[in-house]
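Chemist: Fold the following.
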Amino acid sequence: MDIGLQFELIYKDADVIQIRISAWNGLFGGTADVYAGIGRLEEIAATIAGFPDHPSDTRDIVVGAFGPDWAGGGASMRFYCADATGHAYVDAKIESDSSSAKSTQSVSLSLPIEAAAVDSFVRELRVLASIKTGSARLEGLLQSSC
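Modeler: Residues are numbered from 1 along each chain as shown. Here you go, the predicted model:
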């Protein structure tokens with residue numbers, strides 16, 4: 001997987017969609033299949049549209065659910081700027097389905113991003129919500145080792 005965050009629609013019915021959420025920052029990565037209500041993709045697009053608006057801008061998203069009491073996995077994402085110059089990041093936590101006989105797996109990672117990539121991701125999320133097939137991708141930047 002390329003560096004970034006991806007939402008892929010893998011199931012849909014009249015009430016719910018299942019999204020495969022994958023993230024990879026070049027060092028760590030993870031994937032979970034999460035359930036969301038119809039309309040959730042549009043809500044996510046609206047939440048992160050225009051990010052970052054100012055250096056202290058933060059946006060938080062949770063998709064699916066965490067813990068053994070819920071079917072599917074969960075993903076949380078926090079979009080924020082690390083400094084006054086607007087260096088933007090998304091911190092993601094992804095947790096696998098807890099209902100299987102296997103132990104739950106999870107990953108937490110930080111991914112540097114650019115505002116233009118967020119704009120593209122928002123457009124792709126809106127298309128995905130409309131046509132109910134395919135994927136939307138937030139391109140990330142390779143983290144420097146300095």
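Chemist: Could you use CA atoms for every contact and neighbour count after this?
Modeler: OK.
Chemist: Output the contacting helices and strands for the lengthiest helix in the chain.
Modeler: Counting residues, the longest helix found in the chain (DSSP state H) is helix 115-131. Under the contact criterion of 3 or more Cα pairs under 8 Å, 6 or more residues apart in numbering; DSSP states H and E, helix 115-131 touches helix 40-48, strand 135-139.
Chemist: can I get these in a markdown table with distance to Trp24?
Modeler: Conversion of the helices and strands packed on helix 115-131 to a markdown table gives the following (distance: least, Cα to Cα, whole Å):
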| stretch | distance to Trp24 |
| --- | --- |
| helix 40-48 | 20 |
| strand 135-139 | 10 |
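Chemist: got TSV for the ones you listed, with mean neighbour count, distance to Arg59 and mean pLDDT too?
Modeler: As requested, these are exported to TSV (neighbours: other Cα atoms under 10 Å; distance: least, Cα to Cα, whole Å; pLDDT from 0 to 100):
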stretch	mean neighbour count	distance to Arg59	mean pLDDT
helix 40-48	17	6	98
strand 135-139	22	15	98
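Chemist: Mind checking these for the one nearest to Glu8?
Modeler: strand 135-139 (4.1 Å; Cα to Cα).
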